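Enquirer: The amino acid sequence is not available; the structure is as follows:
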């Protein structure tokens with residue numbers, strides 16, 4: 001089937017969580033297709049039953065849908081080249097392998113495990129890289145038929161050229177040339193009749209009309225073998241885009257097996273899905289210009305694979321926090337309140353605290369939603385604190401001056417009617433007092449903030465915190481602070 005559009009695919013194995021490297025591959029495949037008005041395909045590669053994890057397919061579906069990476073063809077919606085689940089495509093692979101045998105590009109191999117292990121041991125002892133020694137490569141048709149008739153188990157191997165070079169082109173790494181003598185005669189069909197990953201991948205990509213293959217650069221070493229298969233069949237070779245790995249640090253890859261950042265983990269930690277997708281786009285790809293904040297629609301317009309780096313991308317939590325903070329501040333107050341409320345409720349059980357007022361204070365000072373519980377844990381009760389907290393060189397305050405400041409502030413706050421005990425009214429009353437006393441703002445406001453929170457760092461100042469706590473609770477805390485300082 002011929003297609004005149006760009007067609008990309010995301011072909012994950014359902015082996016657990018969607019870690020950021022997987023999601024980045026999906027995103028780049030989606031952007032490559034959509035930037036050229038092409039088709040984005042989801043294919044589930046589920047033939048490795050030993051690593052199959054129950055529920056992992058749903059994780060793939062949910063993650064892609066949540067992030068807006070909607071596929072045009074796939075297992076649940078069908079399409080012209082289905083089925084889109086690899087285990088449902090098993091019938092055709094052996095037929096394709098037999099075509100290669102007929103062309104002389106593949107052969108039957110009858111070597112048993114014991115012989116292969118013996119060869120491997122000898123090679124390793126000689127300092128050679130382990131590889132198949134070609135024992136069955138030149139069997140005559142009669143010898144092959146005799147073994148088949150005898151029911152001897154076999155695999156089908158790709159017959160690699162033994163001299164010369166193979167050159168392939170990658171959009172990121174350019175032209176890469178490999179000596180044919182380095183290529184192993186890889187297995188295409190296993191003894192159980194099932195295809196190997198590498199063979200099924202090539203056949204599936206061709207029969208689904210995939211024009212651009214986006215994957216991790218760990219597959220660079222397999223590309224020459226893939227190209228020889230395409231050439232043996234007489235098929236068009238797709239455009240290759242091999243992306244650098246996402247690293248935990250300079251020496252360690254992010255890994256599902258090591259429990260490193262999955263998409264679900266990041267959402268559970270209070271990152272916003274749009275921020276996560278935006279950050280992942282920048283892991284190894286540089287847009288033109290200095291801009292870093294992009295919606296998915298803007299990424300489609302901006303994305304060009306030429307901006308992908310050859311170098312590994314380091315997962316930078318601080319950068320992710322910064323981008324997430326930008327997204328949090330871009331939310332409407334109602335949207336932020338809705339997202340922040342469950343996190344505030346982890347620490348706050350008070351029914352009188354004004355949580356909507358608190359959310360307006362938090363929004364300007366919050367980078368990740370999971371920061372919230374610790375920032376607001378003083379709302380229910382003031383923690384026990386040392387009076388040295390009132391000492392501030394910057395504000396020029398001491399416990400003695402703070403006692404004086406709180407005694408001056410108390411009657412002013414008492415005079416505000418409970419129904420008017422809001423941030424603007426509290427602000428005006430305290431700043432009028434500051435002007436009357438002829439003191440610096442911090443001289444009065446620092447002690448008020450410490451008195452009502454018992455903390456050195458809070459999401460807002462004394463004015464905002466008094467408004468959140470309400471009149472009765474604020475005055476109670478200030479009176480307790482006066483007593484503590486006395």
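Expert: All right, it came through fine. Given the structure is predicted, the values throughout are model-derived calculations rather than measurements.
Enquirer: Could you say which helix or strand holds the closest residue to residue 176 other than its chain neighbours?
Expert: In this structure, residue 176 finds its nearest non-sequential neighbour in residue 168, 5.9 Å apart by Cβ to Cβ, 6 or more residues apart in numbering. Glycine gets a C-beta too; all of them are placed from N, C-alpha and C. Using DSSP states H and E, residue 168 sits within strand 165-170.
Enquirer: Buried residues of that strand, list them for me.
Expert: By neighbour count on 16 or more other Cβ atoms under 10 Å, the buried set for strand 165-170 is 166, 168, 170.
Enquirer: If we go by neighbour counts, what in stretch 454-465 is buried?
Expert: In stretch 454-465, counting by 16+ other Cβ under 10 Å, buried: 454-455, 458-465.
Enquirer: repeat for stretch 173-186
Expert: In stretch 173-186, counting by 16+ other Cβ under 10 Å, buried: 173, 176, 178, 183, 185-186.
Enquirer: Go through the residues you listed and name the one nearest residue 286.
Expert: Ranked by distance to residue 286 (Cβ to Cβ), the buried residues of stretch 173-186 are led by residue 173 at 16.4 Å.
Enquirer: right, and the closest one touches residue 310 too?
Expert: Yes - between residue 173 and residue 310 there is a contact at 6.2 Å, judged by Cβ atoms under 8 Å.
Enquirer: among the buried residues of stretch 454-465, which two are most distant?
Expert: 454 and 463 (17.0 Å).
Enquirer: And for the strand holding residue 168, what's in contact with it?
Expert: Contact with strand 165-170 is made by 175-180, 183, 220, 223-224, 227-228, 237, 240-242, as judged by Cβ atoms under 8 Å, 6 or more residues apart in numbering.
Enquirer: what residue ranges in the stretch 251-400 of the chain are flagged as low confidence?
Expert: 255-260 (pLDDT under 70).
Enquirer: Helices along that one, start to end?
Expert: All helices of the stretch 251-400 of the chain, identified by DSSP state H, counting those that start in this stretch, fall at 263-268, 273-281, 296-302, 317-330, 333-344, 355-363, 372-375, 399-414.
Enquirer: Can you give me the pLDDT of the nearest residue to residue 103 once chain neighbours are set aside?
Expert: Closest residue in space to residue 103, ignoring its immediate chain neighbours: residue 232 at 5.9 Å, by Cβ to Cβ, 6+ apart. With respect to pLDDT, residue 232 scores 97.
Enquirer: helix/strand/coil for residue 232?
Expert: Put simply, residue 232 is helix when judged by DSSP: H, G, I helix; E, B strand; the rest coil.
Enquirer: ok, it touching residue 105?
Expert: Yes - checked against Cβ under 8 Å, the pair residue 232 and residue 105 is within contact range at 3.7 Å.
Enquirer: For the protein, identify the residue most remote from the centre.
Expert: When each C-alpha in the chain is compared with the mean C-alpha position (Cα atoms, centre = their mean), residue 436 comes out farthest, at 55.1 Å.
Enquirer: so what pLDDT did that residue get?
Expert: So, for residue 436, pLDDT stands at 97.
Enquirer: With residue 482 as the reference, measure out to it.
Expert: 20 Å (Cβ to Cβ, to the nearest Å).
Enquirer: again, but for residue 306
Expert: Going from residue 306 to residue 482 by Cβ to Cβ gives 66 Å.
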